[in-house]
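Student: Provide a 3D model corresponding to the input given below.
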Amino acid sequence: VHAGATHECKVKIKFVHSEELNDENTKELLSDCSGILVAPGFGHRGIEGKFVAIKYARENLIPFLGICLGMQCAVIEFARNVLGLKHANSTEMSRTTPYPVIDIMEEQKGISEMGGTMRLGGYPCHLKKRSLAHKIYQADTIIERHRHRYEFNNKFLQDFEKAGMIPSGMNPDTNLVEIVEIPNHPWFVGVQFHPEYRSTVITPHPLFESFVKASLTHAKQKI
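Tutor: Alright, predicted model coming up:
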């Protein structure tokens with residue numbers, strides 16, 4: 001809504017419960033959307049529906065923004081349907097997955113308290129030059145706020161890069177992946193942090209501004 005004001009348009013938000021989304025009804029529920037956002041959250045409830053929505057956005061070149069769990073779901077969907085790792089998952093959802101593309105960092109695995117394993121507060125992120133993220137922020141390094149436990153598993157990083165999903169934002173201190181994008185897609189971005197924490201009516205977050213702009217372009221192309 002903040003970004004819509006910037007672009008002098010009214011953003012109409014259509015809420016789709018991911019538990020109700022499947023391969024059979026995806027087109028019916030999402031074909032009228034100009035952009036698709038998969039929001040933050042915890043746990044496995046409705047997770048398969050999120051994968052379906054992301055696949056639909058990716059294959060149909062619809063602008064996509066994934067935030068926190070939404071970014072992690074984008075990574076899992078890509079691993080399953082592009083890399084061919086059919087049982088790829090997050091260890092939050094499946095501790096026995098053979099392909100833990102999302103996992104808790106090694107140094108956190110011995111901590112049992114959720115608060116102890118959560119990454120909270122502002123962290124720096126270095127942006128890859130000539131990436132969409134760098135174009136959006138117009139900066140080399142940014143600071144964004146976090147609230148999550150699980151991270152992209154860097155053991156799979158090269159496989160993702162070769163297949164077309166790149167890490168365009170990295171934590172310079174820990175080398176953790178903060179932003180992923182698909183360069184051959186019109187606008188496909190997943191972020192591990194929470195841009196909504198920083199967005200206001202006066203200064204909408206640049207990610208939302210760019211996402212809404214891309215959605216407007218997509219809507220005009222459909223017309």
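
Student: near Cys125, how many other residues are there?
Tutor: Using other CB atoms under 10 Å, the number of residues around Cys125 comes to 25. Using the backbone N, CA and C atoms, a C-beta is placed for each residue, glycine as well.

Student: quick check, it in a strand?
Tutor: Yes - assessed with DSSP: H, G, I helix; E, B strand; the rest coil, Cys125 lies in a strand.

Student: ok, it to Gly49 distance?
Tutor: 29 Å (CB to CB, to the nearest Å).

Student: same question for Ser210.
Tutor: In terms of CB to CB, Ser210 sits 26 Å off from Gly49.

Student: cool, Ile104 as well?
Tutor: 24 Å.

Student: the two - which one has more neighbours?
Tutor: Neighbour count, other CB under 10 Å: between Ile104 and Gly49, Gly49 has more, with 22 against 18.

Student: test my guess that the more buried one contacts Glu20.
Tutor: Yes - using CB atoms under 8 Å, Gly49 is in contact with Glu20, at 6.9 Å.

Student: residues that sit against both of those two, list them.
Tutor: Residues touching both Gly49 and Glu20 (CB atoms under 8 Å, 6 or more residues apart in numbering): there are none.

Student: show me where this structure has helices.
Tutor: 2-6, 26-30, 47-59, 69-81, 114-117, 132-137, 157-163, 206-222 (DSSP state H).

Student: what's the most buried one of those helices?
Tutor: helix 69-81 (a mean of 24; mean count of other CB atoms under 10 Å).

Student: residues making contact with it?
Tutor: 37-42, 47, 50-51, 54-55, 58, 64, 66, 85-90, 99, 101-102, 148, 150, 152, 156, 160, 163, 165, 179-180, 182, 188, 190-192.

Student: now, the residues you listed that are in strands?
Tutor: Judged by DSSP state E, the contacts of helix 69-81 include 37-38, 64, 66, 88-90, 99, 101-102, 148, 152, 179-180, 188, 190-191 as members of strands.
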